[in-house]
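[1] kindly generate the corresponding structure for this input.
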Amino acid sequence: MEKRKIYGTIIGVAAFVAFIVGITYAWFTWNSNDTILSGESGCFTIEYKNGSAISGNISPSSDYTGGKSTTTTMNINASCTTEGEATINLTTHDTTTVSLDDGAVKYAVYNGQTLVNEGTITGSTQALATVDLTKTATTYTVYVWLDGNITDNTYIGKSYSGQISVSAIQTES
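    Coordinates of the predicted model:
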């Protein structure tokens with residue numbers, strides 16, 4: 001009788017272990033086929049060529065060439081079959097040095113010599129441009145400057161501190 005209990009316990013433990021292994025395998029298999037988890041996030045390449053910071057003293061200027069800038073290069077990896085878009089964001093770190101209330105702090109996003117978007121920095125974080133990603137690496141330059149038509153002498157010697165970031169998402173084919 002004692003041997004039957006030992007064999008029964010061994011078979012019971014083995015069955016329980018097999019059950020747990022089977023459930024774990026099923027769960028991992030189900031998760032690995034989930035389209036959200038396998039969204040090809042490794043397909044997007046985003047590089048900040050000069051770092052992502054835009055900071056320093058800014059003086060009134062008639063256009064973007066008198067301001068501060070940084071660049072980002074992005075693309076879809078050649079081995080991927082997905083499509084995507086990226087949003088270039090700007091976070092202003094210190095809104096007390098240069099006021100954003102009067103519309104004097106401007107931005108422009110360029111792809112080479114082509115203007116992608118421009119406007120006024122109005123808050124601590126804002127989206128500057130949304131662009132389609134391609135398999136060809138494309139460089140975007142973000143400029144921040146003081147509009148010389150709006151500012152006065154109170155802005156002389158003031159500094160700006162901000163940072164760009166890029167978020168990419170997969171789009172429908």
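[2] residues in contact with stretch 54-69?
    When contacts are defined by C-beta atoms under 8 Å, 6 or more residues apart in numbering, stretch 54-69 is touched by residues 50, 70, 90, 93, 98, 104, 106, 108, 110, 118, 141-149, 151, 155-164. (C-beta placed from N, C-alpha, C; glycine too.)
[3] which parts of the protein are helices?
    With DSSP state H as the criterion, the chain has helices at 2-32.
[4] ok, longest strand in the protein?
    strand 159-171 (DSSP state E).
[5] quick check: buried residues in it?
    For strand 159-171, the neighbour count (16 or more other C-beta atoms under 10 Å) marks 160, 161, 162, 163, 164, 166, 168, 170 as buried.
[6] over to stretch 85-98?
    86, 88, 89, 90, 92, 95, 98.
[7] bridging residues for the fourth one?
    In this entry, residue 90 is beta-bridged to residue 126, residue 164, by DSSP bridges.
[8] show the contacting residues for it.
    Residue 90 makes contact with 54, 107, 121, 125, 126, 128, 142, 144, 162, 163, 164 under the criterion C-beta under 8 Å, 6+ apart.
[9] buried ones among these?
    54, 107, 121, 128, 142, 144, 162, 163, 164.
[10] would you turn the residues you listed into a markdown table with distance to residue 4 and pLDDT?
    A markdown table is the format used below for the buried ones among the contacts of residue 90 (distance: C-beta to C-beta, whole Å; pLDDT from 0 to 100):
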| residue | distance to residue 4 | pLDDT |
| --- | --- | --- |
| 54 | 78 | 88 |
| 107 | 80 | 94 |
| 121 | 80 | 90 |
| 128 | 75 | 95 |
| 142 | 77 | 95 |
| 144 | 81 | 92 |
| 162 | 76 | 89 |
| 163 | 71 | 91 |
| 164 | 72 | 93 |
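[11] could you redo those residues as TSV and give each row distance to residue 12?
    Below are the buried ones among the contacts of residue 90 laid out as TSV (distance: C-beta to C-beta, whole Å):
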residue	distance to residue 12
54	66
107	68
121	68
128	63
142	65
144	69
162	64
163	60
164	61
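[12] if we take these, which one ends up nearest to residue 6?
    Closest approach to residue 6 among these (C-beta to C-beta): residue 163, at 66.7 Å.
[13] isn't that closest one right up against residue 48?
    No. Proximity of residue 163 to residue 48 does not meet the contact threshold set by C-beta atoms under 8 Å, at 9.4 Å.
[14] bridging residues for the closest residue to residue 166 other than its chain neighbours?
    Nearest residue to residue 166 in three dimensions, chain neighbours excluded: residue 46, at 4.8 Å (C-beta to C-beta, 6 or more residues apart in numbering). Counting by DSSP bridges, residue 46 is bridged to residue 74.
[15] give me the neighbour count for residue 46.
    Residue 46: 16 surrounding residues under other C-beta atoms under 10 Å.
[16] lovely, talk soon.
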